[in-house]
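Asker: Generate coordinates for the sequence data below:
(chains A and B)
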Amino acid sequence: MKIDKNTINKIARLSRIKLDDKESEDYIKDLNSILDWVEQLNEVNTENVEPLSNISSSILPKREDVSNDTNSSEEILENAPDKLEGFFAVPKVVE
Amino acid sequence: MSKSSLKQTLKDLDTKKISIRELNQDYLKRIKENENLNVFIHFSEENVLKQIDNLENDNSAKKLKGIPIAIKDLFCTKSMPTTAASKILENFNPTYESFVTQKLLDEGSIFVGKTNLDEFAMGSATNTSFFGNTINPLSKENEPLAPGGSSGGSAAAVAADLCLGATGTDTGGSIRQPASFCGVVGIKPTYGLCSRWGIAAFASSLDQAGIFSHNVEDASILLQSIAGFDQRDSTSAKVDIPNYFENLDDDLNGKTVGIPKEYSIDGTPMEISQIWEDAIKVLEKKGVKIKNISLPHTKYALPTYYIIAPAEASSNLARYDGVKYGFRSEEIDSLDEMYENTRAQGFGREVKRRILIGTYVLSAGYYDAYYLKAQKVRKLIADDFNKAFKECDFIVTPTAPSAAFPLNEKQNDPIKMYLNDVFTVPASLAGLPGISIPFGKNKNNLPLGIQILGKHFDEQQVFNTAVSLERSYE
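Answerer: As a prediction, this is how the structure comes out:
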């Protein structure tokens, strides 16, 4: 078993997702079955194979280095659940 | 009433046989009659009427003037909320327009509504949406069928004739599989052909916008309208976009079709193998050479995809933290609590599952074993196609391993659900263009789809083959 209670808690913490005990158990089961299934990739010899991270076959074009102002802070803040004096507002961080 | 095509409608509008208002009122009527299908997350008659008013006062010539189009609710639109079918984006009103939808607006099309999808496009049945299932319009009474997914709402909108075309996105099959399930045409173009700017990101190295339509000609018109270079997407390709429709040529004489032996998978229903054989026979009659090819790493495509896609998703979905937009939990005693509760309450089960697995395969100590390994196998899969395309002009396979299944049938076992994408994922990993067209029916009279794959940026050949098969089938 690759994922146990400790591991799922650690991943959930890294992902910033709170899980209750029932969910943790379900995800332990799901993740282990998925990880067992992807294990088959180890059959493939990938020695000297370059990892493929960008599939785009076109060359990245350069653009002119000019500044442009596309967003106002007002627009950016329009959907914020909480805002204060032109900033995003969050719960108190420093005690 | 038989469904009119986009091509015919453009002619009818042009010759004043029908007005923009009459046309759209016809579609509005059908949308209201079909509310039970739950095709739209957002629909506002008032909004549509406003668009009609604006166009009636607009004398400029526009290519898609007055054409009703449905938009997958993953594309940011200024005029309508955008949710990605997630609670976490409930009440999100974009302050900008996605590249693809802006192009459609510039051409004068009318957006009838935002269509349902699997939450953040993660699913194959449009059953992970926060806003409930979409029902396949081909369902019989009391036997609701899934429309496929993730773009199930858009596929259903076209199938039920609630629009003349719809946008979708395809990461591992999310256009082609629902097109097959709903009996419509769905094309995912080459990775990079349409800018991803303004589309809620799932897996950025795979996500690609595309089109649903009633037929291949309409798809060729609409794809041309949404394709093009955009400097705001760093993977957007600077290539010339041909006039796919004008160039359509159903003469395939002398072309070579590749038939990959690895796509004959144990357990595939007889009727699927049958339509595949039928399609090959039709091509042979048209003078196409049949070439048996091998794509030896095909069986590793799904496990590769289910490492890469969740890894990229876990990174992309980190932005939903309850600070900048969308939902914020009420339980916010500290900043960390706010993050953790917002994401716990805002995301659904499948999305959380993928974030967790993606976080695991990217975490210290596991990156090489999973993510890097998957990227290497992805290279081998892409190389398989490159080699195969030295011997053939296009590849033909089935689209999905089944016809539309009953709603909720495949929910419990994630791996079983992932197998829906077995024929579509390999081309996604290789960034190739693919189309699904309806081709035959199963014993319950449900449509089955044939998939045509082409070389990078050879959408024209994909359309030519598709239109040729379509015309021979009609």
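Asker: CA atoms for contacts and neighbours, from now on please.
Answerer: Noted.
Asker: how far away is the residue nearest the centre of chain A from chain B?
Answerer: The centre of chain A sits closest to A:S15, judged by C-alpha atoms, centre = their mean, with a distance of 7.3 Å. Applying C-alpha to the nearest C-alpha, to the nearest Å, the value for A:S15 to chain B is 7 Å.
Asker: Would you agree that residue is in contact with B:L356?
Answerer: Yes - under the criterion of C-alpha atoms under 8 Å, A:S15 makes contact with B:L356 at 6.7 Å.
Asker: so what's in contact with the two at the same time?
Answerer: Shared contacts of A:S15 and B:L356 (C-alpha atoms under 8 Å, 6 or more residues apart in numbering or on different chains): B:S314.
Asker: Show me what the lowest-mean-pLDDT helix or strand in chain A is in contact with.
Answerer: The helix or strand of chain A with the poorest confidence is helix A:73-77; it has a mean of 90 (mean pLDDT, DSSP states H and E). With contacts defined as C-alpha under 8 Å, 6+ apart, helix A:73-77 is touched by A:K83, A:G86, A:F87, A:F88, B:T95, B:K324.
Asker: hang on, isn't the fifth one packed against B:K78?
Answerer: In this case it means B:T95. Yes - the criterion here is C-alpha under 8 Å, and B:T95 meets it with B:K78 at 5.7 Å.
Asker: pretty sure B:K114 is in a strand, no?
Answerer: Yes - when DSSP: H, G, I helix; E, B strand; the rest coil is applied, B:K114 is found to be in a strand.
Asker: which residues touch it?
Answerer: B:F40, B:I41, B:H42, B:F43, B:A70, B:I71, B:K72, B:D73, B:M80, B:T82.
Asker: Which members of the residues you listed are positioned in strands?
Answerer: Those of the contacts of B:K114 mapping onto strands are B:F40, B:I41, B:H42, B:A70, B:I71, B:K72, per DSSP state E.
Asker: What is the burial count for the residue nearest to the last one when sequence neighbours are not counted?
Answerer: Think B:K72. Once flanking residues are discounted, B:K72 sits nearest to B:T115: 4.6 Å by C-alpha to C-alpha, 6 or more residues apart in numbering or on different chains. Neighbourhood size, B:T115 [other C-alpha atoms under 10 Å in any protein chain shown]: 31.
Asker: Roughly how far does B:T115 sit from chain A?
Answerer: Taken as C-alpha to the nearest C-alpha, the span from B:T115 to chain A is 21 Å.
Asker: next one: B:T424
Answerer: 16 Å.
Asker: go on, B:P260?
Answerer: 19 Å.
Asker: which helices and strands does the lengthiest helix in chain A pack with?
Answerer: Across chain A, the helix with the greatest residue count (assigned by DSSP state H) is helix A:21-38. Applying 3 or more C-alpha pairs under 8 Å, 6 or more residues apart in numbering or on different chains; DSSP states H and E, one finds that helix A:21-38 contacts helix A:5-15, helix B:301-316, helix B:349-362, helix B:414-418.
Asker: that older thread, nearest to A:I8, of the contacts of helix A:73-77?
Answerer: In terms of C-alpha to C-alpha, no member of the contacts of helix A:73-77 lies closer to A:I8 than B:K324, at 27.3 Å.
Asker: and B:T167, helix, strand or coil?
Answerer: Three-state assignment for B:T167 (three-state DSSP): strand.
Asker: I'd like the distance between it and chain A.
Answerer: 22 Å.
Asker: same thing with B:K390?
Answerer: Relative to chain A, and taking C-alpha to the nearest C-alpha, B:K390 is found at 16 Å.
Asker: Also B:T359?
Answerer: Taking C-alpha to the nearest C-alpha, one finds B:T359 at 6 Å from chain A.
Asker: Leaving out chain neighbours, which residue sits closest to that residue?
Answerer: B:S314 (5.9 Å).
Asker: Can you check the pLDDT for that neighbour?
Answerer: According to the prediction, B:S314 has pLDDT 98.
Asker: isn't it right next to B:L356, touching?
Answerer: Yes - between B:S314 and B:L356 there is a contact at 7.3 Å, judged by C-alpha under 8 Å.
Asker: Now the common contact residues for those two.
Answerer: A:S15.
Asker: about what we covered before: ok, and for the least confident helix or strand of chain A, which residues are buried?
Answerer: A:I76, A:L77 (16 or more other C-alpha atoms under 10 Å in any protein chain shown).
Asker: Tell me, please, where in the chain the pLDDT is lower than the cut-off.
Answerer: Just going to use chain A. By pLDDT under 70, the weakly predicted segments of chain A are A:57-58, A:71.
Asker: was after chain B, sorry
Answerer: Checking chain B against pLDDT under 70 turns up B:1-2, B:410-411, B:474.
Asker: Neighbours of the nearest residue to B:F120 once chain neighbours are set aside, how many?
Answerer: Sequence neighbours aside, B:A84 is the residue nearest to B:F120 in space, at 5.0 Å (criterion: C-alpha to C-alpha, 6+ apart). Counted with other C-alpha under 10 Å, residues neighbouring B:A84 total 29.
Asker: ok, back up a step: any chance of CSV for the contacts of helix A:73-77, columns secondary structure, neighbour count and distance to A:N42?
Answerer: CSV is the format used below for those (DSSP: H, G, I helix; E, B strand; the rest coil; neighbours: other C-alpha atoms under 10 Å in any protein chain shown; distance: C-alpha to C-alpha, whole Å):
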residue, secondary structure, neighbour count, distance to A:N42
A:K83, strand, 15, 49
A:G86, coil, 10, 52
A:F87, strand, 14, 49
A:F88, strand, 15, 46
B:T95, coil, 16, 46
B:K324, coil, 21, 41
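Asker: Tell me where the stretch 251-400 of chain B has helices.
Answerer: B:270-285, B:301-316, B:335-346, B:349-362, B:373-388 (DSSP state H, counting those that start in this stretch).
Asker: Redo the ones you listed as JSON lines? Include distance to A:S53 and mean neighbour count.
Answerer: JSON lines is the format used below for these (distance: least, C-alpha to C-alpha, whole Å; neighbours: other C-alpha atoms under 10 Å in any protein chain shown):
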{"stretch": "helix B:270-285", "distance to A:S53": "33", "mean neighbour count": "17"}
{"stretch": "helix B:301-316", "distance to A:S53": "10", "mean neighbour count": "24"}
{"stretch": "helix B:335-346", "distance to A:S53": "28", "mean neighbour count": "22"}
{"stretch": "helix B:349-362", "distance to A:S53": "14", "mean neighbour count": "23"}
{"stretch": "helix B:373-388", "distance to A:S53": "6", "mean neighbour count": "22"}
